[in-house]
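Visitor: Dropping the sequence and predicted coords here.
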Amino acid sequence: MTEVHDLHIWAMGTNETALTAHLFVQAATRIRFSTVSVRSCHTVFNIQHATLQVEAGSDVCKLAPSEVV
């Protein structure tokens, strides 16, 4: 992964957490990376609802702010 932006984490109740993020990765690892990432969100951080928008290519996402992680 080369970039993360628009990362949002919030409580959906007392027992549930949600996460959304845009992830920029190399095209070759796109599908495998997203599967592992969603699973890791649940097992490592106990996030029950993860939505990851995986982007690949040579251009940076047009929605990314100028300062990204």
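Guide: Perfect, thanks for sending it.

Visitor: Burial check on A56, number of neighbours?
Guide: 16 (other Cβ atoms under 10 Å). Where you see a C-beta, it was placed from the backbone N, CA and C, and this is true even at glycine.

Visitor: okay, it: pLDDT?
Guide: A56 is assigned 70 on the pLDDT scale.

Visitor: repeat for W10
Guide: For W10, the predicted pLDDT is 93.

Visitor: quick one: it from H49, how far?
Guide: Distance of W10 to H49, given as Cβ to Cβ, to the nearest Å: 10 Å.

Visitor: Common neighbours of the two, please.
Guide: Among the neighbours of W10, those also in contact with H49 (Cβ atoms under 8 Å, 6 or more residues apart in numbering) are T17, A18.

Visitor: Of the two, give the one with the bigger neighbour count.
Guide: More neighbours surround H49 than the other of W10 and H49, with 14 against 10 (other Cβ under 10 Å).

Visitor: quick one, what contacts that one?
Guide: M12, E16, T17, A18, L19.

Visitor: how close does it get to V38?
Guide: For H49 relative to V38 (Cβ to Cβ), the value is 10 Å.

Visitor: so E55, which of the three states?
Guide: Following DSSP: H, G, I helix; E, B strand; the rest coil, E55 is assigned to strand.

Visitor: so what's F24 closest to, chain neighbours aside?
Guide: E3 (3.9 Å; Cβ to Cβ, 6 or more residues apart in numbering).
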